[in-house]
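A.B. asks: Model the structure of this input:
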Amino acid sequence: MPVVSIDESLDKYDNVVLFPDKVAKANEMLRTIGLPKDKEKSKQE
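C.D. replies: So this is what the prediction gives:
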């Protein structure tokens, strides 16, 4: 299993929206279209 180390200097980006236009577009798409149906759930129904 690989070991991953995370650079603590990246903590300054916690709770910071780096791409507000893309986040707004994604939220709008989720509001209007919604999430795709899960393939496994669709097979069971």
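A.B. asks: Can you tell me the SS state at residue 10?
C.D. replies: Reducing the assignment at residue 10 to three states with DSSP: H, G, I helix; E, B strand; the rest coil gives helix.
A.B. asks: Could you tell me how far it is located from residue 36?
C.D. replies: Separation of residue 10 from residue 36 (CB to CB, to the nearest Å): 30 Å. No exception for glycine: its C-beta is placed from N, CA and C like everyone else's.
A.B. asks: Residue 9 now?
C.D. replies: Residue 9 is 36 Å from residue 36, where distance means CB to CB.
A.B. asks: how about residue 22, secondary structure?
C.D. replies: When classified by three-state DSSP, residue 22 comes out as helix.
A.B. asks: lowest average confidence, helix or strand, in this structure?
C.D. replies: Every helix and strand of the chain was ranked by mean pLDDT, DSSP states H and E. The lowest is helix 39-44, at a mean of 63.
A.B. asks: what's residue 18 sitting at in phi/psi?
C.D. replies: Torsion angles at residue 18 (phi, psi; degrees, to the nearest 10) stand at phi -80, psi -30.
A.B. asks: any idea of the pLDDT on it?
C.D. replies: Looking at residue 18, its pLDDT reads 92.
A.B. asks: and if you look at the one 10 residues further on?
C.D. replies: The score at residue 28 is 95. That number is its pLDDT.
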